[in-house]
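[1] Fold the following.
(3 chains)
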Amino acid sequence: MTDPVFLTGLGIISAIGRDVNETIDSFVNHRSGIGPCRNLNTIHKDVFPLGEVKMSNQELASLHGLDARLSRTILLSYHAAIAAKKTIPTFKNTNWRKGFISGSSVGGMDRTEFFFEDFCSDHMTGDLRDVMNHDCGKPTDFVAEKLGFKDFITTLSTACSSSANSIMLGARLIKAGKLDLVIAGGVDALTKFTLNGFNSLMIVDKEQCRPLDESRVGLNLGEGAAYVVLMSEKVMKELNADPYCMLSGYGNSNDSFHQTALSNEGNGPFLAMEAALDMSGLLPTQIDYINMHGTGTQNNDMAEGKAVERIFHPHYPRLSSTKSFTGHTLGASGGVEAVLSALAIKEGYVFPNYQYKNPMNNLNIVPETKFQKGQNIINVLSNSFGFGGNCTALVFSKVN
Amino acid sequence: MQNLKVQIVEQLNLKDIKPEDIGDDQPLFVEGLGLDSIDALELIVLLQQHYGLKLAKAEDGPEVFRSVLSMAKYITANKAK
Amino acid sequence: MAVYINGAGVISPGFSQLNELIPGNSERLYCDEPDYSSFIDVKAIRRMSRIIKMGVTSSILSLKEAGLDKPDAIIVGTALGCLEDTVSFLNKLVLNKEELLNPTAFIHSTHNTISSQIALNLKCMAYNCTYVHRNISFESALIDAMLLFSESSVDTVLVGGIDELTDTSYQILKRLAYYNRSTSAEIIPAGEGSAFFTLSNKIGLSTKAELRSVECVSFTSVDEVRDRLSKMLSSANIDSLDLVLSGRTDREESSSKPLEIYRDFATSAKVAEYKKFCGEFPTASAFGMHLAATILKSQIIPAQISIDPIAGKPINNILVHNNFKDVHHSLILLSAC
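    Now for the predicted structure:
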């Protein structure tokens, strides 16, 4: 393993909590954040349960002294990013180069949808304030400027692996000596665009989703934002920062099979996981927990299951899909699950599926069903696989 | 069925195929026209848009969309309801 | 480790298919597009929107020129992504009140569709990423590519910058005052384009130029940008630039600001603007890089650029500078080889 990068801070907001404490409390009490739609104004309101963040735009804005007319994506991103930043001990070294890297799949689309309601029929109408933050880079810029993390700013968009790739890039820039401190992760807000998009693919469950279960029929959409603080060993020691874990390995590959479906053998996922394990120098038997991508769709869980079997059979670590609690937060999911992976190592947590009954046919993949703490979790593998075959795997490890 | 073939060509943007070239009983998926799962979803939209029929389960797709003939039969059978 | 540009594929206004440079002569410029069916299989092409066809074709052209079947990584920079499909889905969402929506438009609306379709077309399972950060999307892709080379994990990388302009996006961007219009006669038109490059750690017959370094400077002053440029050139052992291709767009503001950035390394006589050929769009710097690489290879400055080269003096180092409303500046340094 080359110079490790340390993860010293977390910030998260999702359907199961506004911060780390609330998030863990949801697991302790086996409380899923997926439920009836309250915020999103859609005809599917009473059809699809969603993983909505339990805060309105107004509440988020008031909490942070921001404009409530801003895109929800900006509000969520800021909330999680500032929480991550607050974990960094104050320092005087103005020479340290600070980067902010965020992943998102649809950027400010929540406001663009409003704009189009008017614009569609008359191109001279529509409030420009609703479309000016459409592009994915705008939320990143807004937050980076507020954080004062401006030495390197960028946004990635690789569908559901966006924030995992952000974290991977942050680590690589630190290792290359280009940056000293990075806040990396991602965000996505619920939108009619994505809900209807996934519905047109007929992969959304009308009930609480059942990832890794043979009877599964689809995913539940969620929203949220999550960021981690990454730093080199040198900076960590100077700051006397207490790490959650280190990012010991990562891999990015493309399944190159179909725009929306993974190959039956899970080739892209397999290559990504294999690369991450290789880099970490770990054997599969040394992984204590896998946070599966586990969306609950027939295709993903089968392909991912197959890939996991190819690497881990017959010694399967404990595993689960936390999307059964948070919903699928799209661009934020890699970040959300990185935060959970870090907590797993630091606190010895093992996260469960929310519900599970029927093992997948011909696969030996059996998720945990109860939240556990105080476990000896040394190494965690976190998977994120997106449309377009974009597959990323991250390996987190305990610091000696 | 000629109408249906025109609609299929249009919905799936099959630029190089003329409606009359599609055989009534020609397999639409895998071999034959070589359509895939996304095309199946587009055909579900086509049924709804042009015939007011909603295919509730994606799993019924392979049977209904096996060929233009099977699609026509489905439409006839369900439109009567 | 040296990184070379061994192939390029460009679909753009400003460059004819015979590689002639054409200044824009209207408010809005359109790409000079080839017949895509001669590059892409008919079964695949039917679902592809224009931007995907542009990206896939540019990538094919770039790899062909470099004599490469498959790169070790594919990285794309696109600020606005697949607008045609996004707008199509949005329109239907509103008009059909969330019913009868086409899955194809949705799945092809995501920004990473371009890099994925390229990977699918090449059956390439290697590292694949898409950057979507405003006018440093292409530069972010380049920085990632150079990082891969420095990590010794690749020998070749396919990297591209691409953005399309549709009738709808043009209307919206005009309303957002994205395009500066001044009273002066010379305007920078609205543009679009795709420029893909095959980068390699090996020099070869098709090598056009060496990619020396890429820097992004954000939310800061002109002084800081100049300072960064100075450090960049010092690291590369360069004390003067033979040509600066400037992505300046703002006509109203003092015209001296960008020149302030380069003043220690190039006189104003060596500064030319590239956006008058390709138009203004977030990834226009990819066009700029293509122009720079072409000049370095041919050692000829096209007459349309209106820079008088010093007779007999080789053109060794070119800087491509992009800037949009002074939020993000980018500097791409290329050298002859």
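[2] Skip the chain neighbours and tell me the closest residue to whichever residue of the stretch 151-300 of chain A sits closest to chain B.
    When scored by Cβ to the nearest Cβ, the stretch 151-300 of chain A has A:Met202 as its residue closest to chain B, at 4.5 Å. Quick note: C-beta positions are derived from backbone N, CA and C, even for glycine. Residue nearest to A:Met202 in three dimensions, not counting chain neighbours: B:Ala58, with 4.5 Å by Cβ to Cβ, 6 or more residues apart in numbering or on different chains.
[3] So chain A: which segments form each domain?
    A:5-239, A:246-397 (automatic domain parsing).
[4] With distance to C:Val320 and mean pLDDT as extra columns, can I get those domains in JSON lines?
    Below are those laid out as JSON lines (distance: least, Cβ to Cβ, whole Å; pLDDT from 0 to 100):
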{"stretch": "domain A:5-239", "distance to C:Val320": "18", "mean pLDDT": "96"}
{"stretch": "domain A:246-397", "distance to C:Val320": "27", "mean pLDDT": "97"}
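[5] Redo those as a markdown table? Include mean neighbour count.
    Output for the domains of chain A, formatted as a markdown table (neighbours: other Cβ atoms under 10 Å in any protein chain shown):
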| stretch | mean neighbour count |
| --- | --- |
| domain A:5-239 | 22 |
| domain A:246-397 | 23 |
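[6] who does the host helix or strand of A:Lys237 touch, helix- and strand-wise?
    Per DSSP states H and E: A:Lys237 is located in helix A:233-239. On a contact count with 3 or more Cβ pairs under 8 Å, 6 or more residues apart in numbering or on different chains; DSSP states H and E, helix A:233-239 meets strand A:5-14.
[7] at contact distance from chain C, anything in the strand it packs on?
    No - Strand A:5-14 lies apart from chain C when judged by Cβ under 8 Å from any Cβ of the partner chain; the minimum separation is 13.4 Å.
[8] Show me what secondary structure element comes after that strand.
    Heading C-terminal from strand A:5-14 (DSSP H and E), you reach helix A:20-28.
[9] Okay, now the unreliable bits of chain B?
    Counting by pLDDT under 70, chain B shows low-confidence ranges at B:80-81.
[10] can you give me the strands in the stretch 201-337 of chain C?
    C:209-218, C:243-247, C:271-273, C:317-324, C:328-335 (DSSP state E, counting those that start in this stretch).
[11] Can you name the residues of the stretch 1-150 of chain A that neighbour chain C?
    A:42-44, A:104-105, A:107, A:112-113, A:116-117, A:119-120, A:123-124, A:128, A:131-132, A:135-138, A:140-141, A:144-145, A:150.
[12] Just the helices from chain B, written as ranges.
    Secondary structure of chain B, counting by DSSP state H: helices at B:2-11, B:37-51, B:61-64, B:68-79.
[13] could you check the angle helix B:37-51 makes with the last one?
    Using axes from the mean of the first three to the mean of the last three Cα atoms, to 10 degrees, one finds that helix B:68-79 and helix B:37-51 are set 40 degrees apart in direction.
[14] now what about stretch A:107-126, what contacts it?
    A:71-74, A:127-131, A:133-139, A:189-194, C:90-91, C:93-95, C:132, C:168, C:171-172, C:175 (Cβ atoms under 8 Å, 6 or more residues apart in numbering or on different chains).
[15] Show me what residue of the stretch 201-350 of chain A gets nearest to chain C.
    A:Asn254 (4.0 Å).
[16] so B:Val68 sits right up against B:Asp21, yeah?
    No - with contact defined as Cβ atoms under 8 Å, B:Val68 does not reach B:Asp21; the gap is 11.4 Å.
[17] More neighbours: the two, which one.
    B:Val68 (21 against 12; other Cβ atoms under 10 Å in any protein chain shown).
[18] quick one, what contacts C:Cys216?
    Taking Cβ under 8 Å, 6+ apart as the definition, contacts of C:Cys216 comprise A:152-154, C:136, C:139-140, C:143, C:328-331.
[19] What subset of those residues is buried?
    A:152-154, C:136, C:139-140, C:143, C:328-331 (16 or more other Cβ atoms under 10 Å in any protein chain shown).
[20] out of those residues, who's nearest chain B?
    Distances from chain B to the buried ones among the contacts of C:Cys216, taken by Cβ to the nearest Cβ, are shortest for C:Ser140, at 29.9 Å.
[21] Redo the domains of chain A as JSON lines? Include distance to C:Thr104.
    Listed next are those as JSON lines, based on distance: least, Cβ to Cβ, whole Å:
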{"stretch": "domain A:5-239", "distance to C:Thr104": "9"}
{"stretch": "domain A:246-397", "distance to C:Thr104": "9"}
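[22] Please identify the most buried of the helices of chain B.
    helix B:37-51 (a mean of 20; mean count of other Cβ atoms under 10 Å in any protein chain shown).
[23] number of nearby residues for the residue of chain B found nearest chain A?
    Residue nearest to chain A within chain B (Cβ to the nearest Cβ): B:Ala58, separated by 4.5 Å. If you count neighbours by other Cβ under 10 Å, B:Ala58 ends up with 17.
[24] One more: C:Ile318?
    Burial measure for C:Ile318: 28 neighbouring residues, criterion other Cβ under 10 Å.
[25] repeat for C:Ser37
    12.
[26] Could you pull up phi and psi at it?
    When read as degrees, to the nearest 10, the backbone of C:Ser37 gives phi -70, psi -10.
[27] which ones are touching it?
    C:Ile45.
[28] Next: A:Val336.
    A:12, A:14, A:163, A:224, A:226, A:322, A:326, A:329 are the contacts of A:Val336 under Cβ under 8 Å, 6+ apart.
[29] Apply 7 Å and report the result again.
    For A:Val336, the contacting residues are A:12, A:14, A:224, A:226, A:326, A:329, by Cβ atoms under 7 Å, 6 or more residues apart in numbering or on different chains.
[30] by contact count, what packs against the helix or strand hosting the fourth one?
    With elements taken from DSSP H and E, the one containing A:Ala226 is strand A:224-231. Identification of packing neighbours for strand A:224-231 by 3 or more Cβ pairs under 7 Å, 6 or more residues apart in numbering or on different chains; DSSP states H and E yields strand A:5-14, helix A:72-86, helix A:162-175, strand A:181-188, helix A:333-347.
[31] Report the angle between that strand and helix A:162-175.
    Using the same axes, to 10 degrees: strand A:224-231 against helix A:162-175 is 10 degrees.
[32] what lines up beside strand A:224-231 in the sheet?
    Here strand A:224-231 is paired, per DSSP bridges, with strand A:5-14 (antiparallel), strand A:181-188 (antiparallel).
[33] now the closest residue in space to C:Val3 that isn't next to it in sequence, which residues is it bridged with?
    Leaving aside its sequence neighbours, C:Val3 sits nearest to C:Leu211 (Cβ to Cβ, 6+ apart; 4.6 Å). In this entry, C:Leu211 is beta-bridged to C:Val3, C:Leu334, by DSSP bridges.
[34] show me the contacts for the residue in the stretch 251-400 of chain A positioned nearest to chain C.
    In the stretch 251-400 of chain A, the residue that lies nearest chain C is A:Gly388 (3.0 Å; Cβ to the nearest Cβ). Listed by Cβ under 7 Å, 6+ apart, the contact set of A:Gly388 reads A:159, A:259, C:110, C:112-113, C:116.
[35] Please name the residues that touch the residue of the stretch 201-350 of chain A closest to chain C.
    Neighbouring residues of A:Asn254 by Cβ under 7 Å, 6+ apart: A:268, A:389-391, C:116, C:119, C:124-126, C:128.
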